[in-house]
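[1] What would the 3D arrangement of this be:
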Amino acid sequence: MAPLSKLTLTKFERSQTHQDPVLDRRAKALNALAQQRDVLHSALEGRDHIVKSAKWATDEHGNRHRIEKNRLVRPWFFKEAQGWLVQLKYGARIVLLDTEHNAVVVPALNDVAEVLEVFEKALRAGEFDKSLSMLAQRKTKSAEIDHA
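    Alright, predicted model coming up:
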């Protein structure tokens with residue numbers, strides 16, 4: 001008797017649990033926005049917001065070890081002459097809020113929380129889906145564009 005004859009065989013294809021890129025981009029932006037709330041809370045207390053991130057490092061013997069490093073999270077808000085400017089970012093890129101504006105001006109640091117809430121509501125409603133999809137596309141070289 002063959003060894004496989006004792007087993008119950010079937011044809012199975014694994015389904016992907018989440019394949020919608022629009023929802024993935026929206027979730028990424030919402031997670032970053034939640035982190036910016038922590039950055040704001042730290043800024044109101046007068047300190048920097050630092051998170052731990054896992055990295056791989058190679059020692060002198062060539063062995064790889066996982067280490068934790070501290071990483072400073074940069075805020076999406078900053079002080080300028082007209083007040084505090086708040087921007088929405090996707091990765092390192094700034095999201096356009098409408099066709100030409102990329103920042104919101106508020107008079108005080110305490111008002112930044114309200115802007116972050118409005119950004120969250122707009123993200124959940126899908127108002128930035130088109131902008132996020134444009135930012136998520138990889139830029140091509142100008143030579144490739146000319147030949148297209």
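[2] Arg37 falls within a helix, correct?
    Yes. Counting by DSSP: H, G, I helix; E, B strand; the rest coil, Arg37 is part of a helix.
[3] For it, which non-adjacent residue is closest in space?
    Distances taken as CB to CB, 6 or more residues apart in numbering place Leu116 nearest to Arg37, at 6.0 Å, with adjacent residues excluded. For glycine as for every other residue, the C-beta is placed from the backbone atoms N, C-alpha and C.
[4] Can you classify that neighbour by secondary structure?
    Following three-state DSSP, Leu116 is assigned to helix.
[5] Now do it: how many residues are near it, please.
    When neighbours are counted by other CB atoms under 10 Å, Leu116 registers 20.
[6] For it, give its distance to Gly91.
    The gap separating Leu116 from Gly91 is 17 Å, by CB to CB, to the nearest Å.
[7] if we can go back for a sec, can you pull the contacts of the residue nearest to Arg37?
    Leu33, Gln36, Arg37, Leu40, Val86 (CB atoms under 8 Å, 6 or more residues apart in numbering).
[8] The helix or strand where the fourth one lies - contacts with which helices or strands?
    The secondary structure element spanning Leu40 is helix 21-44 (assigned by DSSP states H and E). Contact here means 3 or more CB pairs under 8 Å, 6 or more residues apart in numbering; DSSP states H and E; on that basis helix 21-44 packs against strand 77-80, strand 89-90, helix 112-125, helix 129-136.
[9] out of those, which comes closest to Ser53?
    strand 89-90 (17.8 Å; CB to CB).
[10] Report all helices and strands that the closest one contacts.
    Packed against strand 89-90 by the contact rule (3+ CB pairs under 8 Å, 6+ apart) you find helix 21-44, helix 129-136.
[11] That concludes my questions; thank you for your assistance.
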